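Colleague: Give me coordinates for this.
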Amino acid sequence: MTPLPTFTLVDEGNRMLWAGWAKLVRDNDWSSDDSTVIDLLPSLPSTRAVFAQDSRDGSFLGCVVWNEYDEMAFIGYYIVHPSMVGKGLGPKMWKRAFTRIPKHVNVGLRAVPSMIAKYAARDTPYYVSTLNNYELTVSEAREMCSKLEGSKHSIVNVEKTTDEQWEDLLEFDKDVTKRDRLVKRSVPNK
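Modeller: Okay, the predicted model is just below:
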């Protein structure tokens, strides 16, 4: 096993580190969302991050990325470059992230099911409960929606929304969250 290279922990990161993160996420298909999440996350005011970079050349080694809002810190990415897995880099980034996350907020972690036990046993300071995620096919979602009494709703891919549908979605989001999150559309209208 090769030793852990000399590394530096960097808060918030720079363009090169965010590009390394995006490449690793795309290369490993770690995003369950469309690519707009990858494009938007670095620029959102609520986004926080701890990156590990190689001290020799500044290259990306891993990161913990979370968003802080509404008395919550939601960790969306806790990733280490495959060449660094098992070398102890992940826990060092994790520890740094938890020194930056306010102590009074609730922390949520998005994790693949196979990693939950590992995070709970080694890296997470408190483990209270698990939120399960279920994926539905489009046909399953349509069938479920059709069973709702009085349902007038339809399922539309975000990439295929009209300008009017997009504005309606933003209004709905604002009504539910009581915030104007100024979400900009970064997908072409088709």
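Colleague: Quick check: phi and psi on the residue nearest the centre of the chain?
Modeller: For the chain, G76 is the residue whose C-alpha lies nearest the centre (Cα atoms, centre = their mean; 2.8 Å). Phi and psi for G76, reported as degrees, to the nearest 10, are phi -100, psi -30.
Colleague: so what's it up against?
Modeller: L41, V65, W66, N67, R110 (Cβ atoms under 8 Å, 6 or more residues apart in numbering). To be clear about C-beta, it is placed using only N, CA and C from the backbone, and glycine gets the same treatment.
Colleague: Which pair of the residues you listed spans the longest distance?
Modeller: Using Cβ to Cβ, the contacts of G76 span at most 12.3 Å, a distance reached by L41 and R110.
Colleague: So for these two, which residue has more residues nearby?
Modeller: L41 (21 against 13; other Cβ atoms under 10 Å).
Colleague: Torsion angles phi and psi at the closest residue to that one other than its chain neighbours?
Modeller: Leaving aside its sequence neighbours, L41 sits nearest to T47 (Cβ to Cβ, 6 or more residues apart in numbering; 5.6 Å). According to degrees, to the nearest 10, the main-chain angles of T47 amount to phi -80, psi 130.
Colleague: May I have the residues that are in contact with T47?
Modeller: Listed by Cβ under 8 Å, 6+ apart, the contact partners of T47 are L41, V65, W66, N67.
Colleague: Sketch out the low-pLDDT regions of the protein for me.
Modeller: 1-5, 31-35, 120, 122-134, 149-155, 181-190 (pLDDT under 70).
Colleague: returning to that earlier point: what's the spacing between the residue nearest to L41 and I38?
Modeller: Distance of T47 to I38, given as Cβ to Cβ, to the nearest Å: 12 Å.
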